[in-house]
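Chemist: below: sequence and its predicted model.
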Amino acid sequence: MKMNTINTKPNQICTRCVMDTTDPDIAFDENGYCNHCTNAIERLKQPPYGLPPAEKEKALNELIQKVKKAGEGKKYDCVIGLSGGVDSTYLAYLVKQWGLRPIAVHMDNNWNSKEAEHNISNICKILGFDEKRVVLNWEEFKDLQLAFLKASTPDSEIPSDNAIFSALWNTAKKYKIKYILAGYNQASENILPGAWAQGYFDEIYIKSLHKLFGKLKKISFHILTTFELFFNYRFYNTKLVSTLDYVFYDKEKAKQIITNELDWKDYGRKHGESTYTRIFQEYILPVKFGFDKRKAHLSSLIAAGQLSREEAIRQLSVPIYPNEKSIQEDINILCQKFEISIDEFEHIMSLPIKSINDYPNDSKNIKLRLLKITRNIYKNIKPIFISSSRKNILL
């Protein structure tokens, strides 16, 4: 299949990482360094990731004590997400070592691979964690995923990502837990171009695509919104912590540990725990949109000093699929699961490329604009309240 493109820039690759002009918003400086790795290197200097070893260990110990204190008298002191991937599995292993009492949340969107089911079951059994499995209504979720594909934007993982965060926050609220410990980390996920996916918590965007391209009248599962995230953080005081940034996280070493300690099975590829994520990232994104997410992942590792640019280039030279047969097998899996024909899938792949800006979204939402105005007002008047409080104390 001929690859579509939304980029009009001359082909150029960063001289420090492997990001290139397949990202339409990329920019280069006089050295040929791109904005992505330049910004990533600066972020990596920030705490907690950028702290010296002794200070990082101190910060980690302080975090652990805060979690334990906030969880006193409760069955669980934290929520962790568990997909069966390397990051979430290693975090689960560490949480056990730290003596925390998590509830492990798994969002099941009906796309789990057999290996993922094995890993999730093993992890919870060996570590002695309670698992809360949030199973989505497949007919509804299928309709939403297909709607995103038909909308022809590169955002088709948003329904799953939103559902994951919704499951985590709802569990935290249900059990009155103040800490959600996440497997996200700066070392391997520092770079992700905005053009590759947008609207994760944009209720207007998500519902508009379903209304335009879905077959069902409505979906019943909860969509987490930007406003709700802000409300949970400010009023429920629930904290989402990128916990792996508090340790020296080396993914290859982490794989060895969880394989030996938790009988974890390697998928042989990134995001092999989800069949849909694998097919979307390895076929649909690069073929239709020209986005190879390996570039962002490898560039993150380069910025973190865990991979050489030469090795990244070598890995990118290896085709994502070994042959045409394996491509067709994945297309057949997708079509059978979605109950669509090969011709219908080919039609979806040939549709003109769109973006979030081609559809209703919350950038013009009055409620969100009012929220931003309120936050700005609070930011400006906060010093006045603090000053007044100090004067009253002195009086």
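Modeler: Nice, I can see it. It should be emphasised that the depicted structure is a prediction, and the values quoted were computed from it without experimental measurement.
Chemist: T243 - nearest residue in space that isn't next to it in sequence?
Modeler: Residue nearest to T243 in three dimensions, not counting chain neighbours: L181, with 4.4 Å by C-beta to C-beta, 6 or more residues apart in numbering. (Glycine included, C-beta is placed from N, CA and C.)
Chemist: confirm that neighbour sits in a strand?
Modeler: Yes - counting by DSSP: H, G, I helix; E, B strand; the rest coil, L181 falls inside a strand.
Chemist: show me where this protein has its strands.
Modeler: For the chain, the strands defined by DSSP state E occupy 78-81, 102-108, 130-135, 179-182, 239-242.
Chemist: just checking: what are the partner strands of the last one?
Modeler: Read it as strand 239-242. Strand pairing for strand 239-242, using DSSP bridges, gives strand 179-182 (parallel).
Chemist: show me what the partner strand is in contact with.
Modeler: 66-67, 70-71, 77-81, 91, 95, 100, 102, 168-169, 172, 238-243 (C-beta atoms under 8 Å, 6 or more residues apart in numbering).
Chemist: any of the residues you listed buried? List them.
Modeler: Neighbour-count burial (16 or more other C-beta atoms under 10 Å) applied to the contacts of strand 179-182 gives 67, 70-71, 77-81, 91, 95, 100, 102, 168-169, 172, 238-243.
Chemist: show me the domain layout of the protein.
Modeler: Annotated domains of the chain cover 53-292+321-363, 368-394 [automatic domain parsing].
Chemist: to L307, which of those domains lies closest?
Modeler: Counting by C-beta to C-beta, L307 lies closest to domain 53-292+321-363 out of the domains of the chain; the figure is 9.5 Å.
Chemist: quick one: the closest one to chain centroid distance?
Modeler: Computed by C-alpha atoms, centre = their mean, to the nearest Å, the separation of domain 53-292+321-363 from the middle of its chain amounts to 6 Å.
Chemist: quote the end-to-end distance of that domain.
Modeler: The first residue of domain 53-292+321-363 is 41 Å away from its last residue (C-alpha to C-alpha, to the nearest Å).
Chemist: check what pLDDT N232 gets.
Modeler: Note on N232: pLDDT of 81.
Chemist: so who does it touch?
Modeler: Counted by C-beta under 8 Å, 6+ apart, N232 has contacts W169, A172, K173, T238.
Chemist: apply 7 Å and report the result again.
Modeler: N232 sits next to W169, T238 when contact means C-beta atoms under 7 Å, 6 or more residues apart in numbering.
Chemist: distance of it from A167?
Modeler: Separation of N232 from A167 (C-beta to C-beta, to the nearest Å): 13 Å.
Chemist: repeat for Q46
Modeler: 28 Å.
Chemist: now, of the domains of the chain, which is deepest in the fold?
Modeler: Across those, averaging neighbours per residue (mean count of other C-beta atoms under 10 Å) puts domain 53-292+321-363 on top, at a mean of 18.
Chemist: nearest to T21, of the domains of the chain?
Modeler: Closest to T21 of the domains of the chain is domain 53-292+321-363 (C-beta to C-beta; 9.5 Å).
Chemist: follow-up on the earlier one: out of the strands of the chain, which gets nearest to K253?
Modeler: K253 sits nearest to strand 239-242 of all the strands of the chain, at 18.7 Å, using C-beta to C-beta.
Chemist: who touches that closest one?
Modeler: Residues lying outside strand 239-242 but in contact with it, judged by C-beta under 7 Å, 6+ apart, are L63, K178, Y179, I180, L181, A182, Y184, N185.
Chemist: how about a cut-off of 10 Å?
Modeler: Contacts to strand 239-242, defined as C-beta atoms under 10 Å, 6 or more residues apart in numbering, come from residues 48-49, 63, 66-67, 70, 78-79, 91, 165, 168-169, 172, 177-186, 189, 229, 232-233.
Chemist: which of the residues you listed fall within helices?
Modeler: With DSSP state H as the criterion, helices contain 63, 66-67, 70, 91, 165, 168-169, 172, 186, 189, 229, 232-233 from among those.
Chemist: what is the most widely separated pair among the residues you listed?
Modeler: For the ones in helices among the contacts of strand 239-242, the maximum inter-member distance is 26.0 Å, found between A70 and E189 (C-beta to C-beta).
Chemist: related to what we said a few turns ago, the domains of the chain: lowest mean pLDDT?
Modeler: Taking the mean pLDDT of the domains of the chain, domain 368-394 comes last: a mean of 47.
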